[in-house]
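Enquirer: Sharing a model prediction with you, sequence too.
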Amino acid sequence: MAKAIPTIQKYMTTAPHSIGTEQTLAHAHEVLRSHHIRHLPVLQGGKLVGMLTQRDLALVETLKDVDPNSVKVEDAMSGEVYTVSPDAPLDEVVQEMAEKKYGSAVVVSNHKVVGIFTTVDVCSALADLLHSRLK
């Protein structure tokens, strides 16, 4: 008998760190570094408006005249964010991430960010599923 596919809620990182649009890129670096993360959902007034990644920062900062102490997050973030609900099936989210080459999915419930599911979480889910289903 086949087991049910788990939802993203089982493997997501709850209460992810986020950053505001008006924060500087230097502050974003500090948040990423201090928490050992690569993705920051960007909020404005508590509403998800974008995503800032370690890769975004590296790319923007290669541009001439970019001062991380004065450039704002909103100038470097991506406005396109892959969002899912906590009850989204794991297989569908992972497939979408693979097809579109997304590094993360932001988990949203009632218009609030409740989690993030990154490629690191995908690896944890795969290890867990391999151990539990192939024993």
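Expert: Looks like it came in fine. Numbering: from 1, shown residues only.

Enquirer: what sits against Gly103?
Expert: 38-39, 53, 55, 97, 118-119 (Cβ atoms under 8 Å, 6 or more residues apart in numbering). Bear in mind the C-beta positions are built from the backbone N, C-alpha and C, glycine included.

Enquirer: quick one, phi/psi of the residue nearest the centre of the chain?
Expert: Central residue of the chain (Cα atoms, centre = their mean): Ser104, 4.1 Å from the mean position. Backbone torsions for Ser104, taken as degrees, to the nearest 10, come to phi -160, psi 160.

Enquirer: wait, doesn't it sit right on Phe117?
Expert: Yes: in this structure, Ser104 is within contact of Phe117 by Cβ atoms under 8 Å, at 6.4 Å.

Enquirer: For the lengthiest helix in the chain, what is the distance to the chain centroid?
Expert: Scanning the chain for the longest helix, with DSSP state H as the assignment, gives helix 119-133. Relative to the centre of its chain, helix 119-133 is centred 18 Å away, using Cα atoms, centre = their mean, to the nearest Å.

Enquirer: What's the mean pLDDT across that helix?
Expert: Helix 119-133 carries an average pLDDT of 90.

Enquirer: same deal with stretch 80-94?
Expert: Average pLDDT, stretch 80-94: 96.

Enquirer: can you give me how far that stretch is from the chain middle?
Expert: Distance, centroid of stretch 80-94 to centroid of chain: 11 Å (Cα atoms, centre = their mean).
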